[in-house]
Structures are given as C-alpha cells and as structure tokens.
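Peer 1: this one's structure only:
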C-alpha cells in the first residue's frame, strides 16, 4: 500500500499559535527589542530583525518601513559600519522599554490607589491618557486607579487606601472597570498558547526564539491594556493569574534554546549578542516565582464552558 504523502509528517507546533495572531511589523519589532535586544546592550544588526520577522510572516519591505518609522519617532537610532546597518534603542525610549519590561517579566512594584482631579477645561483631553495608564473615569473630571504611572502635568491627585470591608473594593472596581473584557483577552491568550506546553521543551534554535517572541508579543498586548489592579480588587479566580502562570512556564521552557540561538546568530556592531546577561537572568528568576508550584497541574487549555461569554 502506498503511504499518503502526509503520513508521518510531524505537525508544526508553531502553526496554531501563529495562525491569525495579530502582527504588525512595528509592534513585533518593539517586542523583539524588548525581549532580546534591550537586555543585551540595545543594538542589533538589521539582518537579524529581518530574519526574526520573516519567521512570523512579516516581509523585509514591511520591516524596513517600520524601522524607518521607529527611527523617525525617536525610538531607534541607526548607524552604518561598512555595508551593514545597526539599530540601537534611543535614550528617550529606554525608560519606556524598561517600564514595559517590569510589567511583563516582573516583579512589579506594589502600588496603592489614588483619585485624580482634572482641570475641567482640559478633562476631555487628559482623561484618555489616564485611562491608558489604568485609571477609571468616575466623573467627567474625576478618575480613580492604581498609583503606578506618572501623571499628566496640571492634575490634582489624592492618595487613597481601602478602609473597611475589602469585598466592597472588589465590587467597586468591578463597577468602575470592564474587567470582563480583559478576562476574555486573557482567556484567548491561554487558549492559543496552552497547547504549546507539550512541545515547548523540544523546540530548538530559531523555532524556539520565534515561539518565545510570539508568546511575549501576545502577552504584552493583553497585559499592557489591562489596568493591572492590585490583587485585593480582583476576583479570586481572575483569568490574569492563570495567564501569568502559563506565560511564565512557557517563557522558562523556551528560553534555554532561544537564548542559545540569539548568541549564535544575533550581532551588534561590537560583536555577537550574549546568550545571557544580568538582566535576562533576573527576568528568569522573577518568572520562576510566577510559574507556580512544580506539583501544580499545567494549564491544558480552556474548555468551551471555561470561556467567558
């Protein structure tokens, strides 16, 4: 009997996580810098950017256009050595990247609460900035949220702390924030990446790095849109907790092979990028704590009844 030509072919473990994953060149390059380049000096050869993006289906033309826009926006600085172009994080972008890295890899500094009063004439212009930083609009010129991000100039802030029954705080937060929207985003992240747990330790070289970049990119998009409320304001079964455990476990499983590939293939003007640095080691140590107990059962994905309607 003649074998079917597809028989015996191993399924591509990356196909399910990359299928329909929202990817734009600029955003994915930001992920590449944040995960790989920033903790290793901040500079990389354009060829490495092109190759990493090609692995997720982003063309060289789109990469070069996106890199040019990042330079124009003041996030990257270019330099040429011979015929080769290298791109470094601009000093103005380093603080932004560091803040995002603290949220993604942790541990994030604990924070309290605050009420913010906006000037009535500027409230409509300033409120969206506050909402992007995790605040909820209570009135046209009054917001409430975690005291984490810097505030716009010209606003009045009052530090706040819960006094009384903490369940009331959770109820207040549930009414002020659309937590269901964020929970569904975390559920979708888990549904996409949970099946990768079985194959992640076996991935090597470029596929391991591609999987890790896709993981970080998808998690970053969900996490940085989440107001990231203090734990006492969240439901006990908050989907973000399970998503965090899954992210940590997969990141730890993929990193040995991914980091080896970075050291073998990625270059800055001064030479190859390091496999590990003090920053990458600190990230892994922080994620070890978030991965949960080794005895706890891994997240095998979500059944239909587990998803929020």
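Peer 2: Happy to help now that I have it. Predicted model only: the values in this text are computed from it and were never measured.
Peer 1: quick one, what contacts the residue nearest to residue 201 when sequence neighbours are not counted?
Peer 2: Closest residue to residue 201 apart from its sequence neighbours, by CB to CB, 6 or more residues apart in numbering: residue 253 at 5.0 Å. Placement of C-beta: from N, CA and C, glycine included. For residue 253, the contact set (CB atoms under 8 Å, 6 or more residues apart in numbering) comprises 197, 200, 201.
Peer 1: One more: residue 144?
Peer 2: Applying CB under 8 Å, 6+ apart, the residues near residue 144 are 113, 114, 115, 116, 135, 136, 138, 160, 176.
Peer 1: pretty sure the second one is in a strand, no?
Peer 2: Spelled out, it's residue 114. Yes - under DSSP: H, G, I helix; E, B strand; the rest coil, residue 114 falls within a strand.
Peer 1: Tell me the pLDDT of it.
Peer 2: Residue 114 carries a pLDDT score of 94 in this model.
Peer 1: neighbours around the closest residue to it other than its chain neighbours, how many?
Peer 2: Of all residues not flanking residue 114 in the chain, residue 147 sits nearest, at 4.3 Å (CB to CB, 6+ apart). Residue 147 has 18 neighbours, counted by other CB atoms under 10 Å.
Peer 1: the helices in the protein, which residues?
Peer 2: Secondary structure of the chain by DSSP state H: the helices cover 15-18, 25-32, 46-54, 60-72, 91-105, 123-132, 166-176, 179-193, 205-223, 239-265, 278-290.
Peer 1: per-domain residue ranges of this structure.
Peer 2: Per automatic domain parsing, the domain ranges recorded for the chain read 13-108+177-303, 113-160.
Peer 1: contacting residues around the closest residue to residue 161 other than its chain neighbours?
Peer 2: With CB to CB, 6+ apart as the criterion, residue 161 has its nearest non-adjacent residue at 6.1 Å, and that residue is residue 112. Contact analysis of residue 112 by CB under 8 Å, 6+ apart lists 146, 147, 159, 160, 161, 230.
Peer 1: could I get those as a markdown table with distance to residue 287 and pLDDT?
Peer 2: Formatted as a markdown table, the contacts of residue 112 follow (distance: CB to CB, whole Å; pLDDT from 0 to 100):
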| residue | distance to residue 287 | pLDDT |
| --- | --- | --- |
| 146 | 22 | 91 |
| 147 | 25 | 90 |
| 159 | 31 | 92 |
| 160 | 31 | 89 |
| 161 | 30 | 84 |
| 230 | 20 | 87 |
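Peer 1: Can you give the contact residues for stretch 273-293?
Peer 2: When contacts are defined by CB under 8 Å, 6+ apart, stretch 273-293 is touched by residues 36-41, 44, 101, 105-107, 244-245, 247-249, 251-252, 255, 259-260, 262-263, 266-267.
Peer 1: from these, which would you call buried?
Peer 2: 36-40, 44, 101, 105-106, 244-245, 247-249, 251-252, 255, 259-260, 262, 266 (16 or more other CB atoms under 10 Å).
Peer 1: just the contacts of residue 144 now: which is nearest residue 73?
Peer 2: Residue 73 has its nearest neighbour among the contacts of residue 144 in residue 135, at 25.1 Å by CB to CB.
Peer 1: From residue 60, how far off is the nearest residue to the closest one once chain neighbours are set aside?
Peer 2: Of all residues not flanking residue 135 in the chain, residue 145 sits nearest, at 3.2 Å (CB to CB, 6+ apart). Going from residue 145 to residue 60 by CB to CB, to the nearest Å gives 41 Å.
Peer 1: For those two, indicate the residue with more neighbours.
Peer 2: residue 145 (26 against 15).
Peer 1: Let me see the contact set for residue 30.
Peer 2: Taking CB under 8 Å, 6+ apart, we find residue 30 in contact with 70, 75.
Peer 1: Same check on residue 151?
Peer 2: Residues near residue 151 by CB under 8 Å, 6+ apart: 116, 130, 157.
Peer 1: got these as CSV, with distance to residue 122 and neighbour count columns?
Peer 2: Converted to CSV, the contacts of residue 151 look like this (distance: CB to CB, whole Å; neighbours: other CB atoms under 10 Å):
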residue, distance to residue 122, neighbour count
116, 12, 22
130, 11, 21
157, 15, 12
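Peer 1: Among these, which one lies nearest to residue 21?
Peer 2: residue 130 (29.8 Å).
Peer 1: Correct me if wrong: that closest one contacts residue 147.
Peer 2: No - counting by CB atoms under 8 Å, residue 130 does not reach residue 147; the two are 11.9 Å apart.
Peer 1: For residue 114, see how far away residue 157 is.
Peer 2: 5 Å.
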